[in-house]
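Enquirer: fold the following for me, if possible:
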Amino acid sequence: MIDEILSMVKKHEEWRGKQCLNLIPSENVMSPAVRELLSSELGHRYTSRKHFYMGTSFIDEIEQFGEEIAKKVFRAETADLRPLSGHIADLIFLASFAKAKDGLMCVSPEDGGYPGFWKNGLAGLFSLKAVPFPFSKNDMNIKVEEAKEAIKRIKPKIVIFGASLITFPHPVKELAEVARENGACVGFDGSHVMGLIAGEQFQDPLREGAHALFGSTHKSFFGPQGGIILAEEEHGEILKAKIHPAFLDNAHWNRIAALTLALVEMKNFGKAYAKQMIRNSKALAKVLHDYGFPVVCQHLGFTQSHQVILNYGGYEQGRVVAEKLQRANIIVDCGVRIGTCEVTRRGMREEEMLKIAELIKRAVIDGEQPENIRKDVAKLCGEFQKVEYCFGK
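Expert: Residues are numbered from 1 along each chain as shown. Alright, predicted model coming up:
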């Protein structure tokens, strides 16, 4: 049985790590140093705010250091690295500032919003009334004037920006003030765009009027899988006080150490990384459009994030496309969101985006035999195995 599990992991690492073009926008790749910290001795240990456990002085020091770096990277007054995922960070935010029957306004899943907020997710769990932002699918963004009127009319207690499908900054600056004036607590789920925000290339929710920024640390941000909360002081202290023991006990301090190092990498290399990620997305989107793919938002320059979205009208047809690509070792999701996070971290630039677009065309439009494409995919991936935008090159 030992050999079986080791063999399965080895096969996965050989295939996904070396032979596949990983284009899922909700994934990234860590630096070797960050990965090493995940398997450190810290993975065996506990600590607690009340110092119930002895032997934790270095663990506590690491967490405090990580929070200070996070505050600098995101220019936040408070930071917390304990949430075990972006979803848990979302849960903590809602549980801290909402009560049953309150209104929650966010982007609906039908428009590309995160399903975890919606009626079958956290809104249902907390008995909140989920209300969708007025949204333009043509522009892939919130309709500002209609949203202002909706906020004034409905007076939701919670307003959350951010989405699973997000190609352009959301109008936080335009809507946060009216939301606050009507009694709302304003959050930004930055799960997908956290790396772009950290790299100062997307938007700055905390300066634009959000009380808190929260989400995942492993998408456009290149840390370990987990979550983070950044906030201004008043709301941040409320959030920090409620995390333990209600929402988690063991925060996995090996993960926090790894996240801390990733934050230091982002502080030093994040701006260059985010700039290149956006350049790659734009280059890939244009060539795919020129090949005849249904890339959204041509009139707006396609994208300003790590995502290129192909509109196939739904997940059923999207799955057909995703499965065609998987047979060629090109990995996307069934929404056919194409992400440039990982390929950028591996050092690919605009020239490689042209090659990726051609490989996608050969698989989806030309119907070429997958085994022929797989050889070229493996060749391209083999040239970009080293992780960039980190220390120790």
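
Enquirer: biggest helix in this protein by residues?
Expert: The longest helix of the chain (DSSP state H) is helix 253-290.

Enquirer: what pairs with the following helix or strand past that helix, and is each one parallel or antiparallel?
Expert: Scanning forward in sequence from helix 253-290 by DSSP states H and E, the next helix or strand is strand 307-309. Partner strands for strand 307-309, per DSSP bridges, with pairing direction: strand 337-339 (antiparallel).

Enquirer: what is the burial count for the closest residue to Pro134 other than its chain neighbours?
Expert: Counting by C-beta to C-beta, 6 or more residues apart in numbering, Pro134 lies nearest to Glu146, which is 3.6 Å off, once chain neighbours are set aside. The way it works is simple: take the backbone N, C-alpha and C, and place the C-beta from them, glycine included. Glu146: 13 surrounding residues under other C-beta atoms under 10 Å.

Enquirer: need the three-state assignment for Glu146.
Expert: helix (DSSP: H, G, I helix; E, B strand; the rest coil).

Enquirer: look up how far Gly17 lies from it.
Expert: 46 Å (C-beta to C-beta, to the nearest Å).

Enquirer: and if you look at Lys129?
Expert: 44 Å.

Enquirer: of the two, who's got more company?
Expert: Taking neighbours as other C-beta under 10 Å, Lys129 and Gly17 compare with Lys129 leading, 15 against 12.

Enquirer: not counting its neighbours along the chain, what's nearest the more buried one?
Expert: Nearest non-adjacent residue to Lys129, counting by C-beta to C-beta, 6+ apart: Gly103, 4.8 Å away.

Enquirer: hmm, the one you found is touching Ile154, no?
Expert: Yes. Contact criterion C-beta atoms under 8 Å: Gly103 and Ile154 qualify, at 5.5 Å.

Enquirer: quick one: common contacting residues for these two?
Expert: Residues touching both Gly103 and Ile154 (C-beta atoms under 8 Å, 6 or more residues apart in numbering): Val131.

Enquirer: between those two, which one's more packed in?
Expert: Gly103 (19 against 15).

Enquirer: now that one: how far from Lys157?
Expert: 6 Å.

Enquirer: let me see the contact set for the residue nearest to Lys129.
Expert: For Gly103, the contact set (C-beta under 8 Å, 6+ apart) comprises 128-129, 131, 154-158.

Enquirer: and the gap between the nearest residue to Tyr273 once chain neighbours are set aside and Phe222?
Expert: Nearest residue to Tyr273, sequence neighbours excluded (C-beta to C-beta, 6+ apart): Tyr389, at 4.2 Å. Going from Tyr389 to Phe222 by C-beta to C-beta gives 7 Å.

Enquirer: over to Trp15?
Expert: 21 Å.

Enquirer: next: Lys157.
Expert: Lys157 is 34 Å from Phe222, by C-beta to C-beta.

Enquirer: quick one: which of these two has more around it?
Expert: Counted by other C-beta under 10 Å, Lys157 and Phe222 do not tie: Phe222 has more neighbours, with 28 against 20.

Enquirer: A strand includes that one, no?
Expert: No. Using three-state DSSP, the secondary structure at Phe222 is coil, not a strand.

Enquirer: nearest spatial neighbour of it, skipping sequence neighbours?
Expert: Nearest to Phe222 is Asn28, by C-beta to C-beta, 6+ apart, at 4.6 Å.

Enquirer: contacts only, for that neighbour.
Expert: Here Asn28 is in contact with 195, 218-223, 341-342, 345 (C-beta under 8 Å, 6+ apart).

Enquirer: cool, Phe133 as well?
Expert: 105-108, 111, 142-143, 147, 150.

Enquirer: sorry, back to before: which of the contacts of Asn28 ranks first by neighbour count?
Expert: Neighbour counts for the contacts of Asn28 (other C-beta under 10 Å) peak at Ser220, which has 34 neighbours.
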